[in-house]
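starting from these lines, generate the structure:
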Amino acid sequence: MTRLDKVTAVNQLSREIEEKGYSVEEVRRRLEKIEQLPGRPKAAQILVAGAACACFCFLFGGSVKDIIADFFTGLAVYAFVLMVCGHFSKITGNVLSGALIVLCCLFFYHCGIGEHLRPLVMGTILLLVPGLPFTNGIRDLADGDYISGAVRLLDAVLVFMSVGAGAGAVFLVYHHLLGGVLL
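Purely as a prediction, here's the structure:
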């Protein structure tokens with residue numbers, strides 16, 4: 001995860017180095033202090049993820065009931081990502097997260113809390129889309145940094161495929177075993 005608060009602190013430190021002429025030891029001490037900056041509380045991250053999923057659902061045309069269902073799906077999925085996925089490989093964590101998204105959306109859909117399955121799934125799946133690495137990979141390729149661009153793009157594509165594999169597997173099981181209608 002990109003820690004923009006640390007990037008901002010290092011950027012500010014570089015300005016102060018130029019203005020005040022810090023010694024090497026002072027710079028080292030300040031960098032260590034920046035490294036120790038606490039992260040955002042997990043509860044806040046989970047809450048923001050739920051709100052983001054609800055907003056994405058709205059953008060994809062979800063009803064008010066869909067938006068509420070997607071908020072809770074986003075809470076569940078991001079809590080899973082923070083608490084459980086760190087114990088697995090990146091690919092396994094993304095496959096499981098994609099599967100959990102569809103399971104939660106199907107649950108809310110069949111309970112009548114969500115009305116439309118498509119905006120429910122699309123709104124939550126965007127939570128896992130690696131937009132920044134994908135964009136940076138394309139930028140690196142355009143700048144002629146072929147190796148770093150290819151690596152970043154490959155990483156992003158693996159995430160896309162992993163999430164899609166998990167979601168697709170649940171939809172296939174749902175369709176073949178329970179006779180559910182696919183999107």
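
mind checking the SS state of Gly62?
Classification of Gly62 using DSSP: H, G, I helix; E, B strand; the rest coil returns coil.

how far away is the most centrally placed residue in the chain from Glu25?
With distances taken as Cα atoms, centre = their mean, Leu128 lies nearest the centre of the chain, 3.5 Å away. Applying Cβ to Cβ, to the nearest Å, the value for Leu128 to Glu25 is 42 Å. Every residue, glycine included, has its C-beta placed from N, CA and C.

do Leu153 as well
Separation of Leu153 from Glu25 (Cβ to Cβ): 41 Å.

one more: Thr124?
From Thr124 to Glu25 the distance is 48 Å (Cβ to Cβ).

run a quick neighbour tally on the residue nearest to Asp143 when sequence neighbours are not counted.
Take Asp143 and drop its neighbours on the chain: the residue closest to it by Cβ to Cβ, 6 or more residues apart in numbering is Gly149, 7.7 Å away. Other residues lying near Gly149 total 18 when counted by other Cβ atoms under 10 Å.

same question for Ser89.
10.

could you measure from the residue nearest to Asp143 over to Asn94?
Distance, Gly149 to Asn94, by Cβ to Cβ: 21 Å.

how about Ser23?
Applying Cβ to Cβ to Ser23 and Asn94 gives a distance of 45 Å.

quick one: which of those two has more around it?
A count of neighbours by other Cβ under 10 Å puts Asn94 above the other of Ser23 and Asn94, at 24 against 9.

which residue packs closest to the more buried one, ignoring adjacent ones?
Ser162 (3.5 Å).

Gly137 contacts Tyr146, correct?
No - contact criterion Cβ atoms under 8 Å: Gly137 and Tyr146 do not qualify, at 10.5 Å.

the more surrounded of these two?
Applying other Cβ under 10 Å to Gly137 and Tyr146 shows that Gly137 carries more neighbours, namely 22 against 10.
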